[in-house]
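[1] Below is the sequence, then the predicted model.
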Amino acid sequence: MNEGQFRIAHISDIHCGSPHFQPELLERAIEEINELRPDLTIVSGDLTTDGFKAEYELARDYLNRIDSDDLIVVPGNHDSRNVGYVHFEDLFGSRTRTVHRRGVSIVALDSSEPDLDYGQIGRNRYPYIEEAFSQPADLRIFVIHHHLLPVPGTGRERNIVYDAGDLLEVLVRSGVNLVLCGHKHVPYAWKLEDMFVVSAGTVSSLRLRGHTRPCYNIVEIEPDRVFVFRKSPFDLREPILEFTPGSDEYHKPEAFREQVR
C-alpha cells in the first residue's frame, strides 16, 4: 500500500421514492461523508424503489452532493424494476466499474435481474473479474448489491446470488480481500477463508429489521491494516471489523454480533 490512509465511504439502499425514505437521514449522511472527505464513495444499489426515472433523478441529485474523488455506483434489484436499468445508465453510466488507485483494486458489478428480487453474476463474467484483479494490488475489493453469504436477521434465505458458490470460488482464487454489498438492510461481517464479506444497512429507509438502525459503513485502509466502521447518521461510529490482509489476524467486536439479533 502506498504511504498514507485510503478511506472509503460505503452507503447502500437509499430507496428514493419509497414512503419509508427519510431525506434528512441521507442529507445528514452526505454531510458526514463530506466532512470525512473519502478517497472513494461506493453506493451498492437500490437507489430507487421502483426504478422510475423521477426516483433516479432524485437519487442523482443527492449523490451529486457527495464530495469524493470518485463515486462508484451499482444498481440493485429495485433499480432494475420497470426497465429502470436504462435510467441508471443514462444518469450514472456503466453498470460495471473497475478502479485501481494507490494499491487498491476495486471491481463493481451489477448483480440485478430485471423485475426479480434475486441476483446473479453469471459464468460469462468470471473471466472479467479474474482479469480485473490480476494486476498487482495490496488490497482487492469486490462490490455487489446482493448478499454472497446469508446474513442473520434477514428471514428465509432467498437473498444470496444464485451463483454464490461459483462466484465465491472465483473471488477467493482472485485474491479478493473484501466484498462490500447491501440488499437486506442488515449490516454484518463474515470471514470466509482469507476474504471478508461486509454488508451495509440502509442509509435512509425506515424499512428496518429488528433493532437495526439506518447506517452506512466507513472503510479505512492503512498500510498494513484495514478497519471497517458502522456509522449511523447523527451518531458516533462504531467498529465492526479490523483485519490484516494476507494473514489470519482479524477482530470482530462481540458487541456488533449482538446488535443484529
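    Everything's here; your move.
[2] Which helix runs longest in this protein?
    helix 23-36 (DSSP state H).
[3] Pull out the buried residues from it.
    Judged by neighbour count (16 or more other CB atoms under 10 Å), helix 23-36 contains these buried residues: 25-26, 28-30, 32-33, 36. Bear in mind the C-beta positions are built from the backbone N, C-alpha and C, glycine included.
[4] Closest to residue 249 out of those residues?
    For those, the closest approach to residue 249 (CB to CB) belongs to residue 36, at 25.9 Å.
[5] Return the residues in contact with the closest one.
    By CB atoms under 8 Å, 6 or more residues apart in numbering, the contact set of residue 36 is 7, 9, 218.
[6] quick one: contacts of whichever helix or strand the second one is part of?
    Okay, so that is residue 9. Per DSSP states H and E: residue 9 is located in strand 6-11. Strand 6-11 is touched from outside by 29, 33, 36-44, 66, 68, 101-104, 141, 180, 198, 200, 203, 216-221, with contacts defined as CB under 8 Å, 6+ apart.
[7] Give the partner strands of that strand in its sheet and their orientations.
    strand 40-44 (parallel), strand 216-221 (antiparallel) (DSSP bridges).
[8] Between helix 23-36 and it, find me the angle.
    Inter-element angle recorded for strand 6-11 and helix 23-36: 180 degrees (by axes from the mean of the first three to the mean of the last three CA atoms, to 10 degrees).
[9] begin at 19 from here
    From this message on, residue numbering opens at 19, which makes the last subject strand 24-29.
[10] for the stretch 69-218 of the chain, what spans make up the helices?
    71-81, 103-110, 144-150, 182-191 (DSSP state H, counting those that start in this stretch).
[11] In contact with residue 98: list those residues for me.
    69, 106, 128, 130-134.
[12] Distance of it relative to residue 42?
    Remark: distance between residue 98 and residue 42 (CB to CB, to the nearest Å) = 27 Å.
[13] so where do the strands sit in the stretch 119-268 of the chain?
    122-126, 130-131, 134-137, 157-161, 196-199, 206-210, 213-217, 234-239, 244-249, 255-261, 268-269 (DSSP state E, counting those that start in this stretch).
[14] ranking those by burial, who's on top?
    strand 196-199 (a mean of 26; mean count of other CB atoms under 10 Å).
[15] Stretch 84-99: which residues count as buried?
    84, 86, 89-99.
[16] Now intersect the residues you listed with the strands, please.
    Among those, the members found in strands (DSSP state E) are 89-92.
[17] Can you name the two of those that sit furthest apart?
    Between any two of those (CB to CB), the greatest distance is 11.2 Å, for 89 and 92.
[18] Show me the common contact partners of those two, please.
    residue 61.
[19] ok, residue 189 touching residue 196?
    No. Counting by CB atoms under 8 Å, residue 189 does not reach residue 196; the two are 9.9 Å apart.
[20] what sits in contact with each of the two?
    Contact with both residue 189 and residue 196 is made by residues 160, 213, according to CB under 8 Å, 6+ apart.
[21] Point out where this protein drops to low pLDDT.
    The model of the chain has pLDDT under 70 over residues 19-21, 174-177, 273-279.
[22] Now with 50, please.
    Scanning the chain for pLDDT under 50 picks out 19-20, 279.
[23] residue contacts, residue 214?
    Neighbours of residue 214 in contact, by CB under 8 Å, 6+ apart: 195-197, 207-208, 246, 259, 261, 268.
[24] Which two among these are spaced furthest apart?
    Greatest spacing in the contacts of residue 214, by CB to CB: 197 and 268 (14.4 Å).
[25] The longest helix of the chain vs helix 71-81, what angle?
    Relative orientation of helix 41-54 versus helix 71-81 (the same axes, to 10 degrees): 40 degrees.
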